[in-house]
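# Turn this into a structure:
(2 chains)
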2 protein chains.
Amino acid sequence: MTLETLSEQRCFGGTQGFYRHASTTTGGAMRFGVYMPPLVPDAKAPVLYYLAGLTCTEETFAIKAGAQRVATELGIALVTPDTSPRDTGIDGATGDWEFGEGAGFYLDATTPAFASRFRMYSYVVDELPALLAAAFPALDATRASVFGHSMGGHGALTIALKNPSRYRSVSAFAPIVAPIQVPWGQKALPRYLGGDRDAWRAYDATALIEDGARFPGTLLVDQGDADKFLDVQLRPEFLERACRSTGQPLELRRRAGYDHSYWFIQSFVEDHLRHHAQALRG
Amino acid sequence: MTLETLSEQRCFGGTQGFYRHASTTTGGAMRFGVYMPPLVPDAKAPVLYYLAGLTCTEETFAIKAGAQRVATELGIALVTPDTSPRDTGIDGATGDWEFGEGAGFYLDATTPAFASRFRMYSYVVDELPALLAAAFPALDATRASVFGHSMGGHGALTIALKNPSRYRSVSAFAPIVAPIQVPWGQKALPRYLGGDRDAWRAYDATALIEDGARFPGTLLVDQGDADKFLDVQLRPEFLERACRSTGQPLELRRRAGYDHSYWFIQSFVEDHLRHHAQALRG
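Prediction:
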């Protein structure tokens, strides 16, 4: 398991690094970022995974969210995987920003065309944590939380609901809460998972909760009311209804005037980091 | 003086906007960004100009520096002009990241090829403030400070030294303090200003101080010691020597392990904003 350091730069007293490795799960090179806060000797930092949205990479959040300042204060490491395998050469995997490369949807594909490479669920849940534990002695990979944006908010919510003992907290900015019921999901899920809609439910936060999944803590969600994707793609009311009818705690905060961008994310990222720090330190 | 709004997005309770207008000074369209913090009714925000470095645009600082959070807290507007005129069609103005478009050096060119368009000094000092005063009633353009990075640090220092009554404070990240004496300046200054090296001294912070210019306040400079441009292009010791020998107050802070990037800038931008806020409120 060789890790290649692409860059490491000092930031807020810690180090923002970008790395590449040969991933066995996704069958090709994967990139990710790690922001390692400054630590006293022998201390270890818990890990907060951030899953980015459509078109984004391992760099987007690191560059645009302004989270390193707060991560330094709280002593949390930020890990930002890429949003999909790259350079797959698979027919149909490029040329559409809503599907394929840059749009992995944090699932394990089962269709013949995509099953060998598009396995971001297992990559994020299993391979990447194991790699981090081996390669970064200053990380405590046993203390982990997860959050994300849009498609990555979907990833964070579904991954936490499917692995409630592996993540101490979960939050999302403008997540796709019910991909089964919206165009982004209705395009991507059949191509990755085939036509059986029951199989889609394993990668839909709302359906997971309806089907009995629970997270032992509050789902924290921020959603701008000026988000152009709100009414067609995001539909937080689906999640709200499922949580209310099942007793899953949810804090959904609607933010007046905010859109879908990192201008929105950076405005509330400190709140999210403090939410996760409380769980990671507890 | 028509101002075109390219985008306006909510951020930290204020508005990050990008705008375009036909500039009389530079003879073409110019872009700039304004971060307007939230204000109580009838309040006005003082203006802090940020001048970016080689290859950057009006967007770079706004996206990468994480300054809006602090600007909201302090009630300061952030104005980010582009680094040069664009689409000039001038022979030699493109294709070299160290000269021409994206590398205006905040001077008024006098050579025949560049004199009509490359007038970023007058644009930043005169046209842009007048435009802001007319187009943004919530700005108090009479209260202004200036800072910048690299080539923009050069711009901030020279502009403040040449106009000490128009700016209340000045600071810089990793500035080019003596362009006359370093390769970046030795390439750009003759092309913009011709071969008379005496003319170059009007756009060189170290030379301006040697020639008698003073700023009525401390020049605040942060410089990373892992900056790959430090020894050849930046040479803060030239500024240090000129300030020491003339009594110009300078606070030069060498930052261990930091490089030339926005990872460095974002780490110390809050310090700079607080420095300027003190002057802008006083």
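# Residue numbers of chain A in contact with chain B?
A:9-13, A:16, A:63-64, A:66, A:68-69, A:224, A:226, A:257-259, A:261-264, A:266-267, A:270 (CB under 8 Å from any CB of the partner chain). Quick note: C-beta positions are derived from backbone N, CA and C, even for glycine.
# what do you get if the cut-off is 7 Å, keeping everything else the same?
A:9-12, A:16, A:63-64, A:66, A:69, A:226, A:257-259, A:261, A:263, A:266-267 (CB under 7 Å from any CB of the partner chain).
# pretty sure residue A:272 contacts residue A:147?
Yes. With contact defined as CB atoms under 7 Å, residue A:272 counts as touching residue A:147 (5.7 Å).
# Name the nearest residue to the closest residue to chain B within the stretch 1-150 of chain A, sequence neighbours excluded.
Residue of the stretch 1-150 of chain A nearest chain B, by CB to the nearest CB: residue A:66 (3.4 Å). Ranked by CB to CB, 6 or more residues apart in numbering or on different chains and with sequence neighbours excluded, the top spatial neighbour of residue A:66 is residue B:66, at 3.4 Å.
# in which helix or strand would I find the one you found?
Here residue B:66, judged by DSSP states H and E, is contained in no helix and no strand.
# List the residues that contact it.
Neighbour list for residue B:66: A:66, A:69, A:266, B:266, B:269 [criterion: CB atoms under 7 Å, 6 or more residues apart in numbering or on different chains].
# Repeat that for residue A:135.
residue A:3.
# could you measure it against residue A:194, distance?
As judged by CB to CB, to the nearest Å, residue A:135 and residue A:194 stand 35 Å apart.
# Let me see the ranges of the strands in the stretch 1-150 of chain A.
A:3-11, A:14-23, A:28-36, A:45-51, A:77-81, A:139-149 (DSSP state E, counting those that start in this stretch).
# Save the ones you listed as CSV, and put in mean pLDDT and mean neighbour count too.
Below are those laid out as CSV (pLDDT from 0 to 100; neighbours: other CB atoms under 10 Å in any protein chain shown):
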stretch, mean pLDDT, mean neighbour count
strand A:3-11, 98, 16
strand A:14-23, 98, 20
strand A:28-36, 98, 21
strand A:45-51, 98, 27
strand A:77-81, 98, 26
strand A:139-149, 97, 24
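# how about those strands in CSV, adding distance to residue B:119?
CSV is the format used below for the strands of the stretch 1-150 of chain A (distance: least, CB to CB, whole Å):
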stretch, distance to residue B:119
strand A:3-11, 35
strand A:14-23, 37
strand A:28-36, 40
strand A:45-51, 43
strand A:77-81, 41
strand A:139-149, 41
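# Show me what the closest residue to residue A:152 other than its chain neighbours is bridged to.
Among residues not flanking residue A:152 along the chain, residue A:51 sits closest, at 3.3 Å (CB to CB, 6+ apart). With DSSP bridges as the criterion, residue A:51 is bridged to residue A:148.
# distance of residue A:51 from residue B:179?
From residue A:51 to residue B:179 the distance is 44 Å (CB to CB).
# ok, back up a step: counting only helices, which of the residues of chain A next to chain B make the cut?
Among the residues of chain A next to chain B, the members found in helices (DSSP state H) are A:63, A:64, A:69, A:263, A:266, A:267.
# confidence score at the second one?
Each residue has a pLDDT score; the one for residue A:64 is 98.
# cool, the third one as well?
With respect to pLDDT, residue A:69 scores 98.
# Hmm, residue A:13 and it touching each other?
No. With contact defined as CB under 7 Å, residue A:69 does not count as touching residue A:13 (9.7 Å).
# Which of the two has more residues huddled nearby?
Neighbour count, other CB atoms under 10 Å in any protein chain shown: between residue A:69 and residue A:13, residue A:69 has more, with 22 against 16.
# hmm, back to that, anything in contact with each of residue A:272 and residue A:147?
Common neighbours of residue A:272 and residue A:147, counting by CB under 7 Å, 6+ apart, are residue A:171.
# check contacts around the residue nearest to residue A:152.
Applying CB under 7 Å, 6+ apart, the residues near residue A:51 are A:81, A:106, A:124, A:146, A:148, A:152, A:155, A:156.
# And residue A:280, how far from residue A:78?
Distance from residue A:280 to residue A:78, by CB to CB: 12 Å.
# whoops, residue A:64 was the one
Taking CB to CB, one finds residue A:64 at 13 Å from residue A:78.
# same deal with residue A:196?
36 Å.
# again, but for residue A:193
30 Å.
# same question, residue A:247
Taken as CB to CB, the span from residue A:247 to residue A:78 is 31 Å.
# same thing with residue A:211?
Counting by CB to CB - residue A:211 and residue A:78 are separated by 31 Å.
# same check, this time on residue A:70
9 Å.
# for residue A:138, same thing?
13 Å.
# Same check on residue A:84?
In terms of CB to CB, residue A:84 sits 20 Å off from residue A:78.
# cool, residue A:268 as well?
15 Å.
# hey, where'd the helices end up in the stretch 151-282 of chain A?
A:151-162, A:183-193, A:197-200, A:205-210, A:236-246, A:262-281 (DSSP state H, counting those that start in this stretch).
# What lies in contact with the fourth one?
What that stands for is helix A:205-210. A:154, A:157-158, A:161-162, A:177-178, A:180, A:201, A:238-239, A:242-243, A:246, A:248.
# Before I go, just wanted to say thanks for your time.
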